[in-house]
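Student: whatever this is, show me its structure:
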Amino acid sequence: MDSEKGFTLIETLVGVFLLILIGVNLFASLTLSSKILMQTDTQQTARVLAVAEMEYVKNLPYAVSYIQDDTLIPGGSRFSVTIDTPVTMEEDGNLQKIKIRIWRSGHEVTSLEDYKVKWQ
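Tutor: Numbering: from 1, shown residues only. Coordinates of the predicted model:
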């Protein structure tokens, strides 16, 4: 009986198939992690913008409605801000609920709610 030396064609094909399988899984993992990183970055940026906008509104004089500060939104970004001020929460009108919503490409990314007190 002759001793076999080297790899047969089937062994080589199995090895190549395993390498391709590992490569495809690695590429899929990198793609998924990249998408998750981009989503997290968008959400964190939106959260920072919402907090900055809330601080801006809280430092304004008490009003029924507020106009957003466009300087907080970076130029060329696809973020937009809406400020909602529902009806005052107390009968005497000294407590106001403020809701900041951050939008990107027509979809709400995050929102932030807080209250503002009218000091007399």
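
Student: going forward, measure contacts and count neighbours with C-alpha atoms only.
Tutor: OK.

Student: what number of residues lie near residue 103?
Tutor: Applying other Cα atoms under 10 Å, we find 17 other residues in the vicinity of residue 103.

Student: that one should be in a strand, yeah?
Tutor: Yes - under DSSP: H, G, I helix; E, B strand; the rest coil, residue 103 falls within a strand.

Student: you'd agree it is up against residue 80?
Tutor: Yes - using Cα atoms under 8 Å, residue 103 is in contact with residue 80, at 5.1 Å.

Student: mind listing the strands for the protein?
Tutor: Secondary structure of the chain (DSSP state E): strands at 79-84, 95-104, 107-117.

Student: output these as TSV; include the columns mean pLDDT and distance to residue 10.
Tutor: Converted to TSV, the strands of the chain look like this (pLDDT from 0 to 100; distance: least, Cα to Cα, whole Å):
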stretch	mean pLDDT	distance to residue 10
strand 79-84	88	56
strand 95-104	89	53
strand 107-117	91	52
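
Student: Throw those strands into CSV and include distance to residue 34, thanks.
Tutor: Formatted as CSV, these follow (distance: least, Cα to Cα, whole Å):
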stretch, distance to residue 34
strand 79-84, 21
strand 95-104, 19
strand 107-117, 18
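
Student: for those, which one sits closest to residue 60?
Tutor: Nearest of the strands of the chain to residue 60, taken as Cα to Cα: strand 107-117 at 10.1 Å.

Student: that closest one versus strand 95-104: what angle between them?
Tutor: Here strand 107-117 points in a direction 160 degrees away from that of strand 95-104 (axes from the mean of the first three to the mean of the last three Cα atoms, to 10 degrees).

Student: pull the distance from strand 107-117 to the chain's centre.
Tutor: With Cα atoms, centre = their mean, to the nearest Å as the basis, strand 107-117 stands 14 Å off its chain's centre.

Student: good, wrapping up.
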